[in-house]
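1. the following block contains a protein sequence and its predicted model.
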Amino acid sequence: MGIRRFTSLEICSGAGAQALGLERAGFDPVMLIDNKEHACRTVRLNRPRWDVRCSDVLDFDPAEHPRTYDVDLLSGGLPRVKSAAAVRRSEDRAERELLKAAIWLLTAVRPKALLLENVPELVGNDNFADDRSWIEDELVHAGYRPFWKVLNAADFGVPQNRRSGFLVALAEPHHLSFAWPEPSGLPAPTVGATLGPSMAAHGWPGAQRWAEQADRPAPALVGGSDRRGGADLGPSGTKRVWAGLGVNGNSLSDDFPARDFPVDGRPRLNVRQAAMIQSIPEDWAVFGGKTSAYRQIGHAMPPPLATAVGQAIGAALCR
């Protein structure tokens, strides 16, 4: 007996990692929407049958796409909102407008369930209290019960301490059966175990020793902003954590370490290895140059985490 299949509409779909995880949980998208061309091309490369619309969610009118009505799930990994106290630039305000647009879209298409992923602070930080209050009022008025939770991808088999804030909302009577997924209870894979074979791919003699000392999960990958420079592994504090794992986080490499790379050197990660830290499968192609591809990967939700939350939603919808 196969997995029960559901329908979904995904906004801010990015490189499709969340949609991939939800697909594993039984959700087939009738449409995916993102405003970045490279991300849209990434999803089309991997799932040509999916209907990918490269446009702004703020301009999306479901009345022009009737099959988006009454889907089982409306999902999205929204751009990171900042607290109202920190919002100063128009770009930051636009990110909050996307959050509001997602709630508006729910009231228009009337899915059975909602799944939104964002910063952990949105779930419990006092600076976001007004946002939570507004969201909950809108959801309850529309007939949905909201659930908030912070989950760490490391608890679900991902080699990365990546905390995400989740909002799930379900319509009656499905909300009565919803329960958040439980952590696997197993230690998260280490950076060394995850990347060791790839570090040795070109014969680097230091690979084994490097893998042995990279004995912890990675810090959260930071995709960065289109408004800043090239790809690196994040702010200075995050780079220090990477340095402790034997990784030079100042930039990305084009390849795996060469045979003549210093035995005691700190290699840089390449795009493929960044995807491995996110548990994005090797056959999931990412369109674009190094910086674009890394940003798509860095902003993604690790598929195993999306699968775990998707399975919890699917179980509630089955009851």
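-> Right, received. Where do you want to start? Residues are numbered from 1 along each chain as shown.
2. residue 9 contacts residue 28, correct?
-> No - between residue 9 and residue 28 there is no contact under CB atoms under 8 Å: 10.8 Å. Quick note: C-beta positions are derived from backbone N, CA and C, even for glycine.
3. the more surrounded of the two?
-> Between residue 9 and residue 28, counted using other CB atoms under 10 Å, the more crowded position is residue 9 (28 against 16).
4. so which elements touch the longest helix belonging to the chain?
-> Secondary structure of the chain per DSSP state H: the longest helix is helix 90-109. Contacting helix 90-109 under the criterion 3 or more CB pairs under 8 Å, 6 or more residues apart in numbering; DSSP states H and E are the following elements: strand 6-11, strand 73-77, strand 113-118, helix 129-141.
5. so what touches the second one?
-> Put plainly, it is strand 73-77. Here strand 73-77 makes contact (CB atoms under 8 Å, 6 or more residues apart in numbering) with 6-14, 18-19, 22, 27, 102, 105-106, 109, 111-118, 299-301, 310, 313.
6. mind redoing it with 6 Å?
-> 8-12, 18, 27, 102, 106, 111, 113-117, 301 (CB atoms under 6 Å, 6 or more residues apart in numbering).
7. for it, buried residues please.
-> By neighbour count with 16 or more other CB atoms under 10 Å, strand 73-77 contains the buried residues 73-77.
8. next: the longest one.
-> Residues of helix 129-141 classed as buried by neighbour count (16+ other CB under 10 Å): 131-132, 135-136, 138-139.
9. so where's the stretch 151-300 of the chain uncertain?
-> Residues of the stretch 151-300 of the chain that meet the criterion pLDDT under 70 lie in 224-229.
10. if we go to 90?
-> Under the criterion pLDDT under 90, the flagged ranges of the stretch 151-300 of the chain are 222-231.
11. and the helices in it, which stretches?
-> Using DSSP state H, counting those that start in this stretch, the helices found in the stretch 151-300 of the chain span residues 191-199, 207-213, 236-244, 271-277, 290-298.
12. just to revisit the earlier point, between the helices and strands packed on helix 90-109, which one is nearest to residue 47?
-> Counting by CB to CB, residue 47 lies closest to strand 6-11 out of the helices and strands packed on helix 90-109; the figure is 11.5 Å.
13. and that closest one, which strands flank it?
-> strand 27-34 (parallel), strand 73-77 (parallel) (DSSP bridges).
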